[in-house]
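>>> just coords:
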């Protein structure tokens, strides 16, 4: 498995916790602590930070992402299409991209994947994400390739999967993309309210083709009202208040 850099293995914890609920921990404390602690004994310093990070919000995300973004987003969007454009707001760990690549290996459909991320994850954490060992070696290799790829660089990771990422906030991102599916996966509204404004949602709405889908883990009532105000049909396909899906 090709890691970004050498890093210690971490114990996988059985207790699952949605990483979205704790994103403020990563955004502030994790980066500061890594910066301070990597100055001396790297191996000993990184280990407790990695374990704390994984305990809080990196375990259990694979099943959540499969249910929200793949089963109730990608699978729906792929119906009756041989080409699909996916736009992800918040590349983060890269899990959604990895799961999408996994699905793209099935024959018959080509997926173009565009992601934006203003704050890339530190290498020490990428190397120790708990979901990585659950994927086949070829997918693990592709996962690290996505993280290693330069921003603005198109990468063909599989004949059916093209990938490109931009280091940008949604506010600063300008594109003429025509996308079939949006993974709206930034920090939660209470942590990064500026991303969830009606103006930004309108920007995403205009990137969607007619009939296009937006899926998100967020169940915030205001978020749903803002999507409805744009003219989207909003539902929760799981039957529980655990995700939001909007159709243009």
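Received the coordinates, thanks. Since the model is a prediction, treat every value here as computed from it, not as a measurement.
>>> neighbours around residue 239, how many?
Look at residue 239: counted by other Cβ atoms under 10 Å, it has 7 neighbours. Using the backbone N, CA and C atoms, a C-beta is placed for each residue, glycine as well.
>>> That one and residue 231, how far apart?
Counting by Cβ to Cβ, to the nearest Å, the gap from residue 239 to residue 231 is 24 Å.
>>> quick one, what contacts the closest residue to residue 131 other than its chain neighbours?
Once flanking residues are discounted, residue 131 sits nearest to residue 62: 4.4 Å by Cβ to Cβ, 6 or more residues apart in numbering. For residue 62, the contact set (Cβ atoms under 8 Å, 6 or more residues apart in numbering) comprises 95, 99, 131, 134.
>>> neighbours around the first one, how many?
Just to be clear, that refers to residue 95. 23.
>>> so it touches residue 66, yeah?
No. Here residue 95 lies out of contact with residue 66, judged by Cβ atoms under 8 Å, at a distance of 9.3 Å.
>>> Where does residue 129 sit: helix, strand or coil?
coil (DSSP: H, G, I helix; E, B strand; the rest coil).
>>> ditto for residue 201
Classified using three-state DSSP, residue 201 is helix.
>>> pretty sure it contacts residue 226?
Yes. At 5.3 Å, residue 201 and residue 226 qualify as touching, with contact defined as Cβ under 8 Å.
>>> so what does the longest strand anywhere in the chain touch, helix or strand wise?
Under DSSP state E, the strand in the chain containing the largest number of residues is strand 208-216. Under the contact criterion of 3 or more Cβ pairs under 8 Å, 6 or more residues apart in numbering; DSSP states H and E, strand 208-216 touches helix 75-77, strand 179-184, strand 244-247.
>>> Turn those into JSON lines, including mean pLDDT, mean neighbour count and distance to residue 126.
Listed next are those as JSON lines, based on pLDDT from 0 to 100; neighbours: other Cβ atoms under 10 Å; distance: least, Cβ to Cβ, whole Å:
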{"stretch": "helix 75-77", "mean pLDDT": "96", "mean neighbour count": "16", "distance to residue 126": "27"}
{"stretch": "strand 179-184", "mean pLDDT": "98", "mean neighbour count": "24", "distance to residue 126": "19"}
{"stretch": "strand 244-247", "mean pLDDT": "97", "mean neighbour count": "22", "distance to residue 126": "28"}
